[in-house]
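Engineer: Predicted coordinates and the sequence they were generated for:
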Amino acid sequence: MFMKTHRLFFIALFMLGSISLWSQPQWYNDMDEALKAARAENKKIILVFSGSDWCIPCIKLEKNIWNAPEFFRYANEHYIMIRADFPRKKKNRLPEQQRLKNNALAEKYNPEGYFPLVVVFSPDGKVLGKTGYDKNKSPEDYIAYFDSL
C-alpha cells in the first residue's frame, strides 16, 4: 500500500510538472532562428523588448498577457515568440553573446529604448506593427490587435 501511494504521488507530480511546462510559451532568443521557424511554419513573429527584472509594465505584460491561457493558445497557433531581454540585476545578467544579439535587435527595432515594446513581423521579416503594454487591455484585446495586422 505504501509503494502504491508513493507511485501515485509521483505520477501526479510528474503530470502537474508536465502541464506547467506545456502551458508556458516557447520563447526564442535569436532572431535568425525565429525567422527560420516562422518561414517553416508560416507564422508571424512577435518580438518583445523586455526588462524582466526592473520594468514593471514588462512584468505585468508577461503575467497578464503572455502567460494567459487564451493568449498562449492563440500565439502557439499563429506566432513565433522572441524575447530581447535587458535585465539589470547582476544575478540575472545574460551571457555576453545574448546581450550582443539583444543590443543589435534594439538598435534596429527599438532605437528609442521603449520598454516594453512589442514588434510584430511577417514570416519574411517585414515589420507589421508595434505596441506596448496597456493595463486596460485584456488578452483578447491583444489578440484582436494582432489579428488586425
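Structural biologist: Arrived safely, thanks for sending. Numbering: from 1, shown residues only.

Engineer: buried set for the strand or helix carrying Asp147?
Structural biologist: In the assignment (DSSP states H and E), Asp147 maps to helix 139-148. In terms of neighbour count (16 or more other CB atoms under 10 Å), helix 139-148 has its buried residues at 139, 142-143, 146. C-beta here means a position set from N, CA and C on the backbone, and glycine is covered the same way.

Engineer: Which strands or helices does that helix pack on?
Structural biologist: If you count contacts as 3 or more CB pairs under 8 Å, 6 or more residues apart in numbering; DSSP states H and E, helix 139-148 packs onto helix 69-78, strand 127-131.

Engineer: try 7 Å this time
Structural biologist: helix 69-78 (3 or more CB pairs under 7 Å, 6 or more residues apart in numbering; DSSP states H and E).

Engineer: Kindly export the helix it packs on (C-alpha atoms) in CSV.
Structural biologist: Extracted C-alpha coordinates of helix 69-78, given in CSV (Å, rounded to 0.1, in the frame of the first residue of the first chain):
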residue,chain,number,x,y,z
PRO,A,69,-4.0,30.6,-21.3
GLU,A,70,-6.2,32.1,-24.1
PHE,A,71,-3.2,34.2,-25.4
PHE,A,72,-0.9,31.2,-25.2
ARG,A,73,-3.2,29.0,-27.2
TYR,A,74,-3.6,31.8,-29.8
ALA,A,75,0.1,32.6,-30.0
ASN,A,76,1.1,28.9,-30.3
GLU,A,77,-1.1,28.6,-33.4
HIS,A,78,-0.2,31.8,-35.1
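
Engineer: hmm, who's touching that helix?
Structural biologist: Applying CB atoms under 7 Å, 6 or more residues apart in numbering, the contact partners of helix 69-78 are 23, 25, 43-44, 46, 65, 81, 139-140, 142-143.

Engineer: Next secondary structure after it?
Structural biologist: Downstream of helix 69-78 (by DSSP H and E), the next one is strand 79-85.

Engineer: other SSEs contacting that next one?
Structural biologist: Counting by 3+ CB pairs under 7 Å, 6+ apart, strand 79-85 packs on strand 27-28, helix 31-41, strand 44-50, helix 96-109.

Engineer: Mind giving me the packing neighbours of the longest one?
Structural biologist: So that's helix 96-109. Under the contact rule (3+ CB pairs under 7 Å, 6+ apart), helix 96-109 is packed against strand 44-50, strand 79-85.

Engineer: ok, and what's touching the first one?
Structural biologist: I take that to be strand 44-50. 34, 38, 58, 75, 78-85, 105-106, 109-110, 115-123, 128.
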